[in-house]
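In: Sequence isn't available, so here's the structure alone:
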């Protein structure tokens with residue numbers, strides 16, 4: 001996949017980004033439990049699907065980019081890591 005080239009299926013980059021963030025959020029749980037949980041909440045990952053066994057690439061089966069966009073639009077406002085002001 002080359003994201004800079006024309007592609008008829010615009011959902012592929014969204015799928016890759018979503019899967020990478022989902023897996024990263026699952027793997028970061030032991031180190032950053034609160035932020036990982038918040039990130040997975042924002043990605044609308046079911047709480048029952050946040051175990052080590054779920055940290056695998058699920059591919060395109062059942063992936064709906066429009067439904068994901070709708071879920072993310074209802075996500076928590078603001079930044080996951082807000083800027084610190086000195």
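Out: Received, thanks. This is a predicted model, so every value here is computed, not measured.
In: tell me the pLDDT at the residue lying farthest from the centre of the chain?
Out: Within the chain, the residue lying farthest from the chain centre (CA atoms, centre = their mean) is residue 86, at 30.1 Å. For residue 86, the pLDDT comes out at 71.
In: Check which helices and strands the biggest helix by length in the chain is in contact with.
Out: Longest helix in the chain by number of residues (criterion: DSSP state H): helix 11-27. Packing contacts for helix 11-27, counted by 3 or more CB pairs under 8 Å, 6 or more residues apart in numbering; DSSP states H and E, involve helix 33-42, helix 65-73. Any C-beta I mention is one placed from the backbone N, CA and C, and that applies to glycine too.
In: residues touching the residue farthest from the centre of the chain, list them.
Out: By CB atoms under 8 Å, 6 or more residues apart in numbering, the contact set of residue 86 is empty.
In: Ok, residue 25 next?
Out: Contacts for residue 25 (CB under 8 Å, 6+ apart) come out as 36, 39, 40, 43, 45, 50.
In: out of the helices and strands packed on helix 11-27, which comes closest to residue 17?
Out: The closest of the helices and strands packed on helix 11-27 to residue 17 is helix 65-73. By CB to CB, the value is 10.1 Å.
In: and that closest one, which residues are buried?
Out: By neighbour count on 16 or more other CB atoms under 10 Å, the buried set for helix 65-73 is residue 68.
In: model confidence over it, on average?
Out: For helix 65-73, the per-residue pLDDT averages 74.
In: what comes into contact with that helix?
Out: Residues contacting helix 65-73 (CB under 8 Å, 6+ apart): 10, 11, 14, 15, 18, 42, 43, 44.
In: Widest-spaced pair of these?
Out: Farthest pair in those, by CB to CB: 10 and 42, 21.4 Å.
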